[in-house]
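Q: please work out how this folds:
(3 chains)
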Amino acid sequence: MAQLFSVQLCLFDEATDAALYTQSAPLGDYQVVNSWAKLGHLTRQLQGLEYLALDTETTSTNALEAKLVGISVAVQPGKAYYIPLGHSVGQDVGLQLPLKHVVSVLQPVLADKNVAKVLHNAKYDMMVLSRYGLTIQGTIYDTMIAAWLLSPSGRGIGLKAQAWQRLGVEMQAITELIGTGRKQTTMDRVTITRVTPYACADADITLRLLPVLRAELKLRQQWDLFTQLEMPFIPVLIAMEKQGMLIDVSCLQTMSQAMQYQLEELVDQIYEYAGHHFNLNSTKQLGIVLFEELELPVIRQTKTGWSTDVHVLEALHQSHPIVELILEYRQIEKLKGTYIDALPTLVNPGTGRVHSSFHQTGTSTGRISSSHPNLQNIPVRTELGRTVRRAFVAPEGHVLLGCDYSQVELRLLAHLSGDPGLLEAFARGEDIHTNISAAMHDVPPEEVTKIQRRQTKDIIFGLMYGMTSASLAVRANLSEAEAQQFVDAFFQRFSGVQQYMKATVARAGALGYVETLLGRRRYFPELLTAEATDEYAQHAAERSAINMPIQGTAADIIKLAMIKLHDRLRTEQLKSRLVLQMHDELVLEVPNEELEQVQHLVVDIMSNAYEISVPLTVNVTVGNNWMDMK
DNA sequence: GCAGTCACG
DNA sequence: ACGTACGTGACTGCG
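A: A predicted model of the protein is given here:
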């Protein structure tokens, strides 16, 4: 067996080698630009173009660190050029033109507003190019975002997948050039000869994809969403990523030390109760300690064993003193591992800031996501967790300004459903949950009890997620009958909401998709009445379909607000900068002297970003760090 | 690479 | 036969 395996490995290696060095037929007329004469030729090709496609080859997927290795430009379908700039291996590295000269030739074209630029993942290339003195102006068409709008699950929106799916073209994988795993190298260590056809194909295919994607977007009436919302949003995200957030690293180091000490204390006590050492981070080992050795009652099973999550542990709270210690250990371990110790490693030494990536194609609903670090899930709900936010600070002479939409999703439910009771509850002003509860129980708002308000809040929360009464019962700690009664009472009073939800599911079943106010779509092939799927998946999809128009419209609206705000900050030459978006909230870094003006500007823009049938109200907080915002 | 857990809106 | 509220990303253990 071992011998057979090694033989196969050997064959595999040979095959890989062959693939590596066999040049597949180029997809077009692709040329390297490695002489002054060829640069002159390219310059003439660029005159009077309506569109060009661009792509960069670099050494990293991190746009703030990547070194530029080369630029490819497609001038018409099937015709592209590769300008090598930073290759370090091969006989012809000496022929690479000086960056300065290439910049001076390309910059006028890139800045020409009469020439549209087509890129696949424009944010990345634009951020890299700008670090090398190349700034792009004029219309941008991002084919990756176009592909995502057409298929927001995000699967297969990469250039190679799109080429195959929409053009029937099979492209070379990047791993054929740089390898994989431990043996992976960087693009600057691949010869110009091998990179030229690869890089030219990237630009060429990007250019060729645009008309196909455009036709499809126009067919679905999403061209305006693409050009008027998603494309202008790109520069907003670029500015946010470049700005970053200032971090007080010493504050985190102090917290880390204190937590380390607390963790050691907790671990000692936990081992003592258990009677032996074990790996506390292993749910498997923890399960054995809790449910076999200490014989605590099993609350819930997972696919692979006993559940030990926070709900289970809270249910076991009274059963054994070890449980509380484990809960405390978990909380501190999470905070320390995910935030306190991780953040300093992500601080850019040049800026002292963390420059999170914001992903425009990160979700199926139209929201953005954030990573490295994810700034959209910094703790806030617990006292201890909130202290992490103390490390996010405003620089000297500045403050952080937080502006959040109040109940934006519930307001959208009122607008989308048109339910008169819900609309009226918002028109009354004051506390919305109290108003809704009052209407449900047919009493004046001042007679609503705390418990009634709490229960109403639970229902409303679940409602927007397409809850069932069974799940409400678990969450709100009610019997199933009580929960059912509550849901019935709600839908009786707000029947427009129930109608809207039924209509949404019916639409999804008939059309195979649901959409937001601005026409963003999410597809549910499993809900098409022709498709037969299992009941569980069907219901899960129905819940997602109910939620998407609400969550997605909220995303549309805050994107609109951000585009307008970014514009105004520039035209009014203000120094305030957006640093963060957290779905219904914006955070800005604001010079003290601009606070008054910018606060009013942001509230005005957010409140009026898009008109719906209830007011969009905005709450404001200000502080020197992200924890002390008032 | 998946599962479990947990941080956010 | 079982199971649930929607959408994310990060960390750890384990195969």
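
Q: can you tell me the SS state at residue A:152?
A: coil (DSSP: H, G, I helix; E, B strand; the rest coil).

Q: I'd like the distance between it and DNA strand C.
A: Residue A:152 is 8 Å from DNA strand C, where distance means C-beta to the nearest atom of the strand, to the nearest Å. Where C-beta positions appear, they are placed from N, C-alpha and C, glycine not excepted.

Q: now do residue A:396
A: 29 Å.

Q: check which helix or strand covers that residue.
A: Under DSSP states H and E, no helix or strand contains residue A:396.

Q: is any part of the helix or strand where residue A:401 lies close to DNA strand C?
A: Element membership for residue A:401 (DSSP H and E) is strand A:398-405. No. Applying C-beta under 7 Å from any atom of the strand, one finds strand A:398-405 separated from DNA strand C by no less than 14.6 Å.

Q: sheet-wise, list the partners of that strand with their directions.
A: strand A:585-591 (antiparallel), strand A:618-623 (antiparallel) (DSSP bridges).

Q: centroid-nearest residue for chain A?
A: Residue closest to the average C-alpha location in chain A (C-alpha atoms, centre = their mean): residue A:369, at 1.4 Å.

Q: so for the helix or strand containing residue A:272, what gets flagged as buried?
A: Assessed by DSSP H and E, residue A:272 sits inside helix A:249-274. For helix A:249-274, the buried set under the neighbour-count rule, 16 or more other C-beta atoms under 10 Å, comprises A:251-252, A:255-256, A:259, A:263, A:266, A:270, A:274.

Q: can you tell me if that helix touches DNA strand B.
A: No. On the criterion C-beta under 7 Å from any atom of the strand, helix A:249-274 is out of touch with DNA strand B, staying 12.8 Å away.

Q: that helix: how far from the chain's middle?
A: 32 Å (C-alpha atoms, centre = their mean, to the nearest Å).

Q: what is that helix packed up against?
A: helix A:321-334, helix A:342-345 (3 or more C-beta pairs under 8 Å, 6 or more residues apart in numbering; DSSP states H and E).

Q: just checking, next helix/strand downstream of that helix?
A: From helix A:249-274, the next helix or strand downstream (DSSP H and E) is helix A:283-287.

Q: and that next one, what does it pack against?
A: Against helix A:283-287 (3+ C-beta pairs under 8 Å, 6+ apart) you get no helix or strand.

Q: do the helix or strand following it and DNA strand C meet?
A: The first helix or strand that comes after helix A:283-287 along the chain, using DSSP H and E, is helix A:310-315. No. Using C-beta under 7 Å from any atom of the strand, no contact is recorded between helix A:310-315 and DNA strand C, whose separation bottoms out at 9.8 Å.

Q: for chain A, what's the longest helix?
A: helix A:535-571 (DSSP state H).

Q: check the offset of the next helix-or-strand element following that helix from the chain's centre.
A: As assigned by DSSP H and E, the chain's next helix or strand after helix A:535-571 is strand A:577-581. Relative to its chain's centre, strand A:577-581 lies at 14 Å (C-alpha atoms, centre = their mean).

Q: quick one: is the helix holding residue A:272 near DNA strand C?
A: No. Helix A:249-274 lies apart from DNA strand C when judged by C-beta under 7 Å from any atom of the strand; the minimum separation is 11.7 Å.

Q: could I get the average pLDDT for that helix?
A: Regarding helix A:249-274, the rounded mean pLDDT is 96.

Q: what's opposite the residue nearest to the centre of chain A in the beta bridge?
A: residue A:359.

Q: do I have it right that it meets residue A:377?
A: No. Contact criterion C-beta atoms under 8 Å: residue A:369 and residue A:377 do not qualify, at 10.0 Å.

Q: using CSV, list the CA coordinates for stretch A:282-301.
A: Taking C-alpha atoms only, stretch A:282-301 is exported to CSV below (Å, rounded to 0.1, in the frame of the first residue of the first chain):
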residue,chain,number,x,y,z
SER,A,282,-11.7,20.9,24.5
THR,A,283,-15.5,20.5,24.6
LYS,A,284,-14.9,16.8,24.4
GLN,A,285,-12.7,16.6,27.5
LEU,A,286,-14.9,19.1,29.3
GLY,A,287,-18.0,17.0,28.5
ILE,A,288,-16.3,13.9,30.1
VAL,A,289,-15.5,15.9,33.3
LEU,A,290,-19.0,17.4,33.6
PHE,A,291,-21.3,14.6,32.5
GLU,A,292,-19.3,11.4,33.3
GLU,A,293,-17.1,12.2,36.2
LEU,A,294,-19.2,14.8,38.0
GLU,A,295,-22.4,13.2,36.7
LEU,A,296,-24.2,16.5,36.0
PRO,A,297,-27.4,16.2,34.0
VAL,A,298,-27.1,16.3,30.2
ILE,A,299,-29.1,19.3,28.9
ARG,A,300,-28.5,19.1,25.2
GLN,A,301,-26.7,17.0,22.6
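
Q: give me the number of residues near whichever residue of chain A sits closest to DNA strand C?
A: Nearest residue of chain A to DNA strand C, counting by C-beta to the nearest atom of the strand: residue A:462, 1.4 Å away. Under the neighbour criterion other C-beta atoms under 10 Å, residue A:462 is assigned a count of 18.

Q: what strand or helix carries it?
A: Short version, using DSSP H and E: residue A:462 is in helix A:450-463.

Q: so is that helix next to DNA strand B?
A: No. Helix A:450-463 does not reach DNA strand B (C-beta under 7 Å from any atom of the strand); its nearest approach is 9.6 Å.

Q: strands of the stretch 401-550 of chain A, start to end?
A: Listed from the start of the chain, the stretch 401-550 of chain A has strands (DSSP state E, counting those that start in this stretch) covering A:513-515, A:521-523.

Q: export those strands to TSV and tack on mean pLDDT and distance to residue A:400?
A: Shown next, in TSV, are the strands of the stretch 401-550 of chain A (pLDDT from 0 to 100; distance: least, C-beta to C-beta, whole Å):
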stretch	mean pLDDT	distance to residue A:400
strand A:513-515	97	35
strand A:521-523	97	33
